[in-house]
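J.: Here is my input, please return the structure:
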Amino acid sequence: MKLLNEVKVIIGGSAGTLASIFVIPFDIMKNRMQMNGAGSTGASYNTFREIIANEGIFAPFKGLSAGILKQALYTTTRLGMYTWLSHKIKSDDGNSPGFATNVVLGMTSELCGAFVSTPAELVLVRMTTDGRLPPNERRNYKHVVNALRRIYREEGSLTLWRGAVPTMGRAMAFNAGQLASYSQAQEMLMKKFDLNKGFLLHLFSSMITELIITTASMPVDTVKTRLQSMKSINGKPEYRGSLDVLLRIKKNEGILAFWKGFIPCYFRLVPYAVLTYLFLEQMDAAYYKHILSKT
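T.: Just a heads-up that it's a prediction; the model follows:
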């Protein structure tokens, strides 16, 4: 028996959400490094050590509630939209969508997922970068719900979608990089190393794919992080928009500044992809065994 589309969405969203719990420390390192200004040379290890030393052993999990909400919204929206669009197209002409159509559907679904999850993404950035500010300037959000309420009340509803454009741009870069590299990486590994489909093939393919995705998406991600964490100075926002962030980083910090946080970003994506795969397999197996076998 096949899994229902609704069940696929729920299982896929749950697997991605569970995996996100384990990679939050990489988020906080990446975001902190992206916020470092000109002249900063902090390495990933030093950043992590400073976070522990200054903020306590649980500091790497600041923003956990926001990370969970972000992933739940992003993954379920993306999968749900893709499933719905595929079904609508298939039901009209009786045929499954072709490759080009699937690419368009994938891009559209990524954009929808990124837009819907932007408020949680904004909270995640703020919560993970709060500790780098002087105590009197920190926002001190208690959890994601508290943060969303305060942002809405203190800064207005539109602020919740600050950085939506670069967030969606990053999602498209992820999707394009994955489409362009994952299947090719699998094909290369199967031919060169005689790997069969399974965990090892997924692991090594993910490592290659995530390297490409990280390289391609980091500039947009850095712009997004700066936008979402900025404060108003004398009533004026620190940046006027994405282009202003882009030009000021290039001018004041140099082109390589767009790849600050590259290492924690990469080492977040690889375990996330692997853990999602493992959780997905186990949840699929459990559903088949405990639910479908009894119906």
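J.: ok, and for stretch 17-34, which residues are buried?
T.: 17-20, 23-34 (16 or more other CB atoms under 10 Å). For the C-beta atoms, the positions are set from N, CA and C on the backbone; glycine is no exception.
J.: ok, now stretch 266-279?
T.: Under the neighbour-count criterion of 16+ other CB under 10 Å, stretch 266-279 has 266-277, 279 buried.
J.: Just the mean pLDDT for that stretch, thanks.
T.: Stretch 266-279 carries an average pLDDT of 92.
J.: Just give me the residue right at the centre of the protein.
T.: Residue closest to the average C-alpha location in the chain (CA atoms, centre = their mean): Gln71, at 7.3 Å.
J.: That residue: what's it in contact with?
T.: Neighbouring residues of Gln71 by CB atoms under 8 Å, 6 or more residues apart in numbering: 16-17, 19-20, 117.
J.: can you tell me which two in those residues are farthest apart?
T.: Largest separation among the contacts of Gln71 by CB to CB: Ala19 and Ser117, giving 15.1 Å.
J.: hmm, back to that, the contacts of Gln71 into CSV, with extra columns for distance to Asn46, secondary structure and pLDDT?
T.: Below are the contacts of Gln71 laid out as CSV (distance: CB to CB, whole Å; DSSP: H, G, I helix; E, B strand; the rest coil; pLDDT from 0 to 100):
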residue, distance to Asn46, secondary structure, pLDDT
Gly16, 30, helix, 92
Thr17, 30, helix, 94
Ala19, 27, helix, 94
Ser20, 25, helix, 93
Ser117, 30, coil, 97
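J.: can you list the weak-confidence ranges in the stretch 51-200 of the chain?
T.: The model of the stretch 51-200 of the chain has pLDDT under 70 over residues 91-97.
J.: Starting from Gly241, give me the distance back to Phe258.
T.: Distance from Phe258 to Gly241, counting by CB to CB, to the nearest Å: 16 Å.
J.: Could you pull up phi and psi at the residue lying closest to Met230 once chain neighbours are set aside?
T.: In this structure, Met230 finds its nearest non-sequential neighbour in Glu238, 4.0 Å apart by CB to CB, 6 or more residues apart in numbering. With angles defined as degrees, to the nearest 10, Glu238 sits at phi -60, psi -40.
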